[in-house]
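In: just the structure for this:
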Amino acid sequence: MAADTTIRVGTARPYDVVVGHGLLNRLPGLIGPDARRVVVIHPRSLQAAGERTRAALAAQGYEAHALPVPEAEAAKTADVAASCWTALGRIGMTRSDVLVGVGGGSTTDLAGFVAASWLRGVPVVHLPTTLLGMVDAAVGGKTGINTPEGKNLVGAFHEPAGVLCDLDALETLPHADLVAGLAEVVKCGFVADPVILDRVEGAPAAAADPAEPLLRELVERAVRVKATVVAGDLRETGAAGGGVGREVLNYGHTFGHAVEQVEGYTWRHGEAVAVGLVFVAELARVAGRLDAATAGRHRSVLTLLGLPTTYRDDAWPRLREAMRVDKKSRGNRLRFVVLDGLARPAILEDPSEEHLLAAYAELSAE
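Out: Below you'll find the model as predicted:
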């Protein structure tokens, strides 16, 4: 078995993302010597994993508690966050104590937000159990919950003390969830590391197989992309020299988040992002920013993985309204991360309604 890979996220408060197998024994080293209490936040469906983590910490002498929360996006609400705050108060959580998030991206988003808001900030360590969590949600310090008006509209930047990407968790992950997580990997390929696209096109089945070394390579490449971007622009204020900065990680997400909202969060995040990638590629093409071959490559790569690339043609008014309150919007102007070429991200601000409708029409095209 290959040795663990450690990827340093070089922000002002640097931390490590460890990729490997059997990483639970590395958790105490990330918690540090000053903590007395550790609270493990996990979805109810991962009761065994949550208890295993709690028991391992208790065996190391910590006062360890497990805090189960709802599944997926149902966890990312103000009510659930408030229930976590109540639990932390009853436990007596102090600033030197630590939260641990065990689960997918929704769980780590919630755990990070609770950590950011409790006592104005306590340490958090993430143990993502999904591909999406490993390559996206658990890394980078973005935390948040949803409101009826949109996804992740309430949140904070709060970097973890460390992230353990234990690839053993992917062996029991439902195949559809693993494939959905690959949408975020493909995104990294288009905006920064085209080798990812070459690898997926060369062996799409291996890319979605936890037993294959290719999937580990894809995880490591995607984490490195995110680590590099975050180190240069943690709080999404823009990169030096006028570059796109951290917003590049939202490629495909403006439309993807709108799809999630319109569908009542019944779609997997990665499935919505896949459709969002096709939409924004077509938008850049019709706006004269992106060549047809690269735009078409979005659809072909995602199709190889079995991800959706089309969407129904009757939802535009609701999608348009959902995008209006996207975090990247300014006033009434929509802003999209687009490509001016492969791995050449840029911003398209205030596209015409004609171009938006033309791109949307491509999603329902046979």
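
In: all helices of the chain, in order?
Out: Counting by DSSP state H, the chain has helices at residues 27-31, 47-59, 78-91, 105-117, 131-132, 175-191, 195-202, 204-207, 213-232, 253-262, 269-286, 292-304, 316-324, 353-363.

In: tell me the buried residues in the first one?
Out: In this case it means helix 27-31. Buried positions in helix 27-31, judged by neighbour count with 16 or more other Cβ atoms under 10 Å: Leu27, Pro28, Leu30, Ile31. For glycine as for every other residue, the C-beta is placed from the backbone atoms N, C-alpha and C.

In: right, and the last one touches Val39 too?
Out: No: at 11.3 Å, Ile31 and Val39 do not qualify as touching, with contact defined as Cβ atoms under 8 Å.

In: list the residues that contact both of those two?
Out: Taking Cβ atoms under 8 Å, 6 or more residues apart in numbering as the criterion, Ile31 and Val39 both touch Val98, Val100.

In: if we can go back for a sec, identify, from the buried residues of helix 27-31, the entry nearest to Pro43.
Out: Within those, the smallest distance to Pro43 is 18.2 Å, found for Leu27 (Cβ to Cβ).

In: the closest one and Leu197, how far apart?
Out: Remark: distance between Leu27 and Leu197 (Cβ to Cβ, to the nearest Å) = 34 Å.

In: hmm, who's touching the worst-scoring helix or strand of the chain on mean pLDDT?
Out: Counting by mean pLDDT, DSSP states H and E, the chain has its least confident helix or strand at strand 150-157, which shows a mean of 90. For strand 150-157, contacts defined as Cβ under 8 Å, 6+ apart pick out 73, 76, 78, 109, 112-113, 116-117, 141-147, 234-235, 257, 260-261, 265, 322, 325-327.

In: return the list of strands paired to it, each annotated with direction.
Out: According to DSSP bridges, strand 150-157 has the following sheet partners: strand 142-147 (antiparallel).

In: list the contacts of Glu236.
Out: Gly245, Arg246, Glu247.

In: could you chop the protein up by domain?
Out: 5-171, 175-363 (automatic domain parsing).

In: please compute how far the shortest one lies from its chain's middle.
Out: I take that to be domain 5-171. In terms of Cα atoms, centre = their mean, to the nearest Å, the gap separating the centre of domain 5-171 from the centre of its chain is 14 Å.

In: could you tell me the end-to-end distance of it?
Out: Looking at domain 5-171, the gap from its leading to its trailing residue is 19 Å under the measure Cα to Cα, to the nearest Å.

In: repeat for the last one
Out: For domain 175-363, the first and last residues are 25 Å from each other (Cα to Cα).

In: pull out the buried residues from the contacts of Glu236.
Out: When the contacts of Glu236 are checked for burial by 16+ other Cβ under 10 Å, the buried set is Gly245, Arg246, Glu247.

In: same list (these) but as CSV, adding pLDDT and distance to Ala343.
Out: Putting these into CSV (pLDDT from 0 to 100; distance: Cβ to Cβ, whole Å) gives the following:
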residue, pLDDT, distance to Ala343
Gly245, 89, 15
Arg246, 90, 16
Glu247, 93, 15
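
In: can you put those residues in CSV and add distance to Leu215?
Out: As requested, the buried ones among the contacts of Glu236 are arranged in CSV below (distance: Cβ to Cβ, whole Å):
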residue, distance to Leu215
Gly245, 29
Arg246, 26
Glu247, 27
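
In: Ser96 is in contact with Asp34, correct?
Out: Yes: applying Cβ under 8 Å, one finds Asp34 in contact with Ser96, separated by 4.5 Å.

In: okay, the two: which has more neighbours?
Out: Neighbours around Asp34 and Ser96, counted as other Cβ atoms under 10 Å, are more numerous at Ser96. The numbers are 14 against 11.
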